[in-house]
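Novice: Pasting the sequence and the predicted model now:
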Protein chains: 2
Amino acid sequence: MTPIITAFERSPDRGRGLARDMRVRWALEEVDQPYDVRLVSFREMKKPAHRKLHPFGQIPTYEEGDLALFESGAIVLHIAERHSGLLPEDANARARAIAWMFAALNTVEPPIVELSMAKILEREKSWYEERLPMLEDRVHVRLGELSDRLDDAEWLDGAFSAADLMMVTVLRRLDGSGLLEKYPTLCAYVARGKARPAYQRAFADQLAVFTAAKSPD
Amino acid sequence: MTPIITAFERSPDRGRGLARDMRVRWALEEVDQPYDVRLVSFREMKKPAHRKLHPFGQIPTYEEGDLALFESGAIVLHIAERHSGLLPEDANARARAIAWMFAALNTVEPPIVELSMAKILEREKSWYEERLPMLEDRVHVRLGELSDRLDDAEWLDGAFSAADLMMVTVLRRLDGSGLLEKYPTLCAYVARGKARPAYQRAFADQLAVFTAAKSPD
């Protein structure tokens, strides 16, 4: 059964591949599984029909037969557990890769999202200029720690895995902030992720949605 | 092999059970597995020996023979996958429980942590009073959505699972904020979690660490 995922009808990132459907698209491309996409508007996302799939009214969701999932981390883990190519075979290495997925989402992403949200919601506030460096410092702490750990390794723990997929998409949310550029190790790491053919197919597909939405058919 | 977890030598929560080792303790108690605890100071957490276990210099970590893990979500999932009692047997129900674990950590917890951090780091700032309601509103959005979904169910999706363990510990971080009290559904849900014998054993054990640390033996 071909799974169906949801994505923004009009992504606020204007096709830059920063929305969370990109993670699921990339994972499905890595394991070479076809999928269908249902686009949802911001209005639809908050309505009961979509909230039945996603209690917090967001994208992506994942439907496959009887199963409906939400949360990009859970969807990517589900795909990685059912197809080979995204998690190591060895049980301990597998547990470590899953630990890095949680680290990407629960330790590295929150200060990055916080910074992005302040840039959108607090730009006009009197405190914006004073508070911005505090937010950037918190991101730098995590980037420094991650860069130290990665060091000269190609991927986080052995071969490319769902952990790297998740971490690369989290780091990509810093696009345009100028913060990642201070860490050559991390820039090279993100570039390796983006160079993967599966990434490129996923990126092209999400960009096509944006391009189609803005053209007056 | 008895696993070893790490916890704060002196927990900043003063024994209220809000630190993330509580999640791992609770999970191990639910599946009736003994464990050892190694206490670490704030200084030790940031040193290379601990960072080898936890790249971001935090607690908890989990060591079991050759395996070393970090991130409370990953550790609880590892425990839940290897022992019965924390995840449903049915594959789809299992995937949904894991989705709720990610939702607790990546969707519900970040605005709660953000609010707690502002209360610590920004209390003396000129903007604190004006910004506080913005932060509280973001927490309320998630609490409202969670309360609507939970409705009159006992647990998030069928029987008690690692998803509830994670969500209850995330909601407990609102202790003392007065925010949770606006959602009787969620208060009753947290109370059900806290009433579990495994929770109570875990709570008593982390409290004993704090009590021992403050007595001048």
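Specialist: That came in fine, so what should we check first? Numbers count the residues shown, from 1 in each chain, chains lettered A, B, ... in the order given.

Novice: per-residue confidence for the most far-flung residue of chain A relative to its centre?
Specialist: No residue in chain A sits farther from the centre than residue A:126, which is 31.5 Å out by CA atoms, centre = their mean. What the model reports as pLDDT for residue A:126 is 93.

Novice: Now for it: which residues touch it?
Specialist: Residue A:126 is in contact with B:126, B:127, counting by CB atoms under 8 Å, 6 or more residues apart in numbering or on different chains. Quick note: C-beta positions are derived from backbone N, CA and C, even for glycine.

Novice: That one: which element?
Specialist: According to DSSP states H and E, residue A:126 maps onto no helix or strand at all.

Novice: how close does it get to residue B:126?
Specialist: 8 Å (CB to CB, to the nearest Å).

Novice: Residue A:87 too?
Specialist: Using CB to CB, one gets 48 Å for the distance from residue A:87 to residue B:126.

Novice: can you list the weak-confidence ranges in chain A?
Specialist: Within chain A, the segments meeting pLDDT under 70 span A:216-217.

Novice: Pick out the residue closest to the middle of it.
Specialist: Residue closest to the average C-alpha location in chain A (CA atoms, centre = their mean): residue A:169, at 4.0 Å.

Novice: Nearest residue to that one in space, please, no chain neighbours.
Specialist: residue A:23 (4.9 Å; CB to CB, 6 or more residues apart in numbering or on different chains).

Novice: what helix or strand is the one you found on?
Specialist: Here residue A:23 is assigned to helix A:21-30, by DSSP H and E.

Novice: What of residue A:89?
Specialist: Per DSSP H and E, there is no helix or strand for residue A:89.

Novice: Look up how far residue A:100 lies from it.
Specialist: For residue A:89 relative to residue A:100 (CB to CB), the value is 17 Å.

Novice: What of residue A:155?
Specialist: In terms of CB to CB, residue A:155 sits 9 Å off from residue A:100.

Novice: overlap in contacts of those two?
Specialist: A:161, A:163, A:164.

Novice: For residue A:110, state which of those is nearest.
Specialist: Nearest to residue A:110 among those is residue A:163, at 17.2 Å by CB to CB.

Novice: which residues sit in contact with residue A:174?
Specialist: Applying CB under 8 Å, 6+ apart to residue A:174 gives the contacts A:112, A:139, A:180.

Novice: just the buried members of these?
Specialist: For the contacts of residue A:174, a burial check counting by 16 or more other CB atoms under 10 Å in any protein chain shown picks out A:112, A:139, A:180.

Novice: Of those, just say which sits nearest to residue A:194.
Specialist: Out of these, the member with the shortest distance to residue A:194 (by CB to CB) is residue A:180, at 12.4 Å.

Novice: Could you chop chain A up by domain?
Specialist: Chain A is divided into the following domains under automatic domain parsing: A:4-85+A:198-214, A:91-196.

Novice: okay, now residue A:98: neighbour count?
Specialist: The burial count assigned to residue A:98 is 27, neighbours taken as other CB atoms under 10 Å in any protein chain shown.

Novice: and if you look at residue A:90?
Specialist: 11.

Novice: Then residue A:42?
Specialist: Neighbours around residue A:42, by other CB under 10 Å: 12.

Novice: Which residues are in contact with it?
Specialist: A:8, A:9, A:10.

Novice: of these, buried ones?
Specialist: In the contacts of residue A:42, the ones that pass as buried (16+ other CB under 10 Å) are A:8, A:9.

Novice: Now secondary structure too, for the contacts of residue A:42, in TSV please.
Specialist: Formatted as TSV, those follow (DSSP: H, G, I helix; E, B strand; the rest coil):
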residue	secondary structure
A:8	strand
A:9	coil
A:10	coil
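
Novice: Let me see the ranges of the helices in chain A.
Specialist: Using DSSP state H, the helices of chain A run over A:21-30, A:42-45, A:48-53, A:72-82, A:91-103, A:109-121, A:128-150, A:162-172, A:184-194, A:197-214.

Novice: Which of those sits closest to residue B:27?
Specialist: Nearest to residue B:27, of those and by CB to CB, is helix A:91-103 at 13.9 Å.

Novice: Please state the offset of that closest one from the chain centre?
Specialist: Taking CA atoms, centre = their mean, to the nearest Å, one finds helix A:91-103 lying 17 Å from the centre of the chain it belongs to.

Novice: ok, now stretch A:50-66?
Specialist: 17 Å.
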